[in-house]
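In: Here is a sequence together with a model predicted from it:
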Amino acid sequence: MSRSYISVELRQLVRADARLRCGYCHAPEMFLGMPLDIDHLLPEALGGTSTRENLWLACSRCNDFKGDRIDSLDPETAQRQPLFNPRTQRWTVHFAWSHDGMRIEGLTPTGRATIESLRLNNEFIIVARQFWVESGRWPPLEDRPETGQS
Ligand SMILES: [Zn+2]
């Protein structure tokens, strides 16, 4: 939920850091056809600042569902877990693509809590992913754990 002013220069740095994709569901901006939001990792409502270290990109769905939360329940253990932090944590440690590339699966309590609360497999993104898979461009090569880059 971005309210404070973020300079064009800072936006460009954050966009490059996030490689133009949502930090949570990994939807690329070019597939969505609209600019990604600037996400405050620690929400401004909780004292998060508009500095590079606290900013990443998120699609509007993930950003909306995240709201001002920093943690959520892991559906498997019903324990409160911190949400995934795309700047400090590695996506492939916490998430993996299902074999058909349609769904994100949680590998850790944080991964599962983030999938649930940000609805990373919501019905709208599932439809879009079907087209991405059919185009042969999904899931992204860099999300394969063996490449080690994410
Ligand atoms: Zn997203």
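Out: Done, it's in. Residues are numbered from 1 along each chain as shown.
In: Would you mind measuring from the residue nearest to the spatial centre of the chain to V8?
Out: The centroid of the chain falls nearest to Y24 when counting by CA atoms, centre = their mean (1.1 Å). Shown here: Y24 relative to V8, a distance of 24 Å by CB to CB, to the nearest Å. Just so you know, the C-beta spots here come from the backbone N, C-alpha and C atoms, and that holds for glycine as well.
In: contacts for the longest helix seen in the chain?
Out: With DSSP state H setting the assignment, residue counts place helix 123-134 as the longest helix in the chain. Helix 123-134 is contacted from outside by C25, A27, F31, L32, R61, D100, G101, M102, R103, W138, P139, using CB atoms under 8 Å, 6 or more residues apart in numbering.
In: Identify, from the residues you listed, the entry nearest to W91.
Out: C25 (10.1 Å; CB to CB).
In: The longest helix of the chain near the ion anywhere?
Out: No - for helix 123-134, no contact with the ion is found by CB under 5 Å from the ion; the gap never falls below 7.3 Å.
In: How about that helix, which residues are buried there?
Out: The neighbour-count check on helix 123-134 (16 or more other CB atoms under 10 Å) flags I125, R129, W132 as buried.
In: Then stretch 139-148?
Out: Buried-residue list, stretch 139-148, by 16+ other CB under 10 Å: P139, P140, D143.
In: ok, now stretch 21-36?
Out: Applying a neighbour-count criterion of 16+ other CB under 10 Å, one finds R21, C22, G23, Y24, C25, H26, A27, P28, E29, F31, L32, L36 buried in stretch 21-36.
In: Before I go, just wanted to say thanks for your time.
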